[in-house]
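# Provided below are the primary sequence and the corresponding predicted coordinates.
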Amino acid sequence: QVQLVESGGGLVQAGDSLRLSCAASGRTFRSYAMGWFRQAPGKEREFVAGISWSGGTTHYADAVKGRFAISRDDVKNTVYLQMNSLKPEDTAVYYCAADHSIVVVTTMVQKVNYWGQGTQVTVSS
């Protein structure tokens with residue numbers, strides 16, 4: 001089992017950058033694929049970015065390709081989401097997620113095993 005705690009959200013202006021962090025508990029962090037999702041008011045939770053357990057493969061939603069970057073530090077048991085050139089439409093609660101399968105993380109939001117509590121990102125125009 002793994003517990004996830006996000007941090008780094010806040011209020012920024014369009015064009016700014018922000019880095020989210022997700023700290024994971026447990027000694028099995030390296031066995032999990034990790035992902036970031038977001039949910040805006042009135043909308044469903046959507047996939048943003050994912051990274052395989054090895055860190056060798058990353059996936060991004062089309063809306064964030066070229067602007068966001070996911071990475072992981074297995075020594076610190078932490079996954080990051082670097083967000084650049086932020087837009088008002090990026091405003092949402094951002095959630096960290098973990099699952100043994102990168103396929104689940106990237107394509108099956110309903111089956112993801114572990115979630116963090118979320119961190120609010122607000123981008124003003």
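Okay, I see it.
# could you say what helices and strands the helix or strand of the chain with the lowest mean pLDDT packs with?
Using mean pLDDT, DSSP states H and E, the weakest-scoring helix or strand in the chain turns out to be helix 102-107, at a mean of 89. Contacts of helix 102-107 with other secondary structure elements, assessed using 3 or more C-beta pairs under 8 Å, 6 or more residues apart in numbering; DSSP states H and E, are made with strand 33-39, strand 46-51, strand 92-99. Every residue, glycine included, has its C-beta placed from N, CA and C.
# Turn those into a markdown table, including mean neighbour count.
Compiled in a markdown table, those are given as follows (neighbours: other C-beta atoms under 10 Å):
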| stretch | mean neighbour count |
| --- | --- |
| strand 33-39 | 24 |
| strand 46-51 | 22 |
| strand 92-99 | 23 |
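# Do me a favour and get the end-to-end distance for stretch 10-24?
For stretch 10-24, the first-to-last residue distance is 21 Å (C-alpha to C-alpha, to the nearest Å).
# can you list contacts of it?
Applying C-beta atoms under 8 Å, 6 or more residues apart in numbering, the set of residues contacting stretch 10-24 from outside is 2-9, 32, 34, 36, 76-88, 94, 96, 98, 116, 119-125.
# got the contact list for the residue nearest the centre of the chain?
The chain has Trp36 as the residue nearest its centroid, 1.9 Å off, counting by C-alpha atoms, centre = their mean. For Trp36, the contacting residues are Leu20, Cys22, Val48, Ala49, Gly50, Ile70, Val79, Leu81, Tyr94, Tyr95, Cys96, Ala97, by C-beta under 8 Å, 6+ apart.
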